[in-house]
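Peer 1: No letters, just coordinates:
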């Protein structure tokens, strides 16, 4: 006889709950990795501009815009990580998600534009 049949159908052991602290911690770490990636793109773009022979006004404005985009991204990510500290955070509003996608795309396009000769 199997283990479940020996105990009877009504005496089944409940499944153990998973640790509720692991998923929020993984999400916080993902936010930190993404913020670090955005920081690296912004810093490398600034470095590329500084090392170029004759940085133009377009490149300077692009780096400033990338800096502003980076600040917005870091602020939203920081708020999101703080919301996770108090248990389950509320769902992310669609506008915030769209803002973060826009920030990520702007950093990627800006970084690529600065690297082009």
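Peer 2: Yep, it's here. Keep in mind that this is a model prediction, so the values were computed, not measured.
Peer 1: mind listing what residue 65 touches?
Peer 2: 106, 110 (C-beta atoms under 8 Å, 6 or more residues apart in numbering). C-beta: built from backbone N, CA, C; applies to glycine.
Peer 1: tell me which residues of stretch 35-48 are tucked away?
Peer 2: For stretch 35-48, burial by neighbour count (16 or more other C-beta atoms under 10 Å) applies to 35, 38, 41-42, 45-46.
Peer 1: Filter these down to the ones in helices?
Peer 2: 35, 38, 41-42, 45-46 (DSSP state H).
Peer 1: List just the nearest of the buried residues of stretch 35-48 to residue 92.
Peer 2: residue 35 (15.4 Å; C-beta to C-beta).
Peer 1: pLDDT at that closest one, what is it?
Peer 2: We have a pLDDT of 88 for residue 35.
Peer 1: and it, how far is that from residue 51?
Peer 2: 25 Å (C-beta to C-beta, to the nearest Å).
Peer 1: Also residue 26?
Peer 2: From residue 26 across to residue 51, the span is 37 Å (C-beta to C-beta).
Peer 1: Please apply the same query to residue 24.
Peer 2: 40 Å.
Peer 1: So which of the two has more stuff around it?
Peer 2: residue 24 (17 against 8; other C-beta atoms under 10 Å).
Peer 1: My guess is the more buried one contacts residue 84. True?
Peer 2: Yes - between residue 24 and residue 84 there is a contact under C-beta atoms under 8 Å: 4.8 Å.
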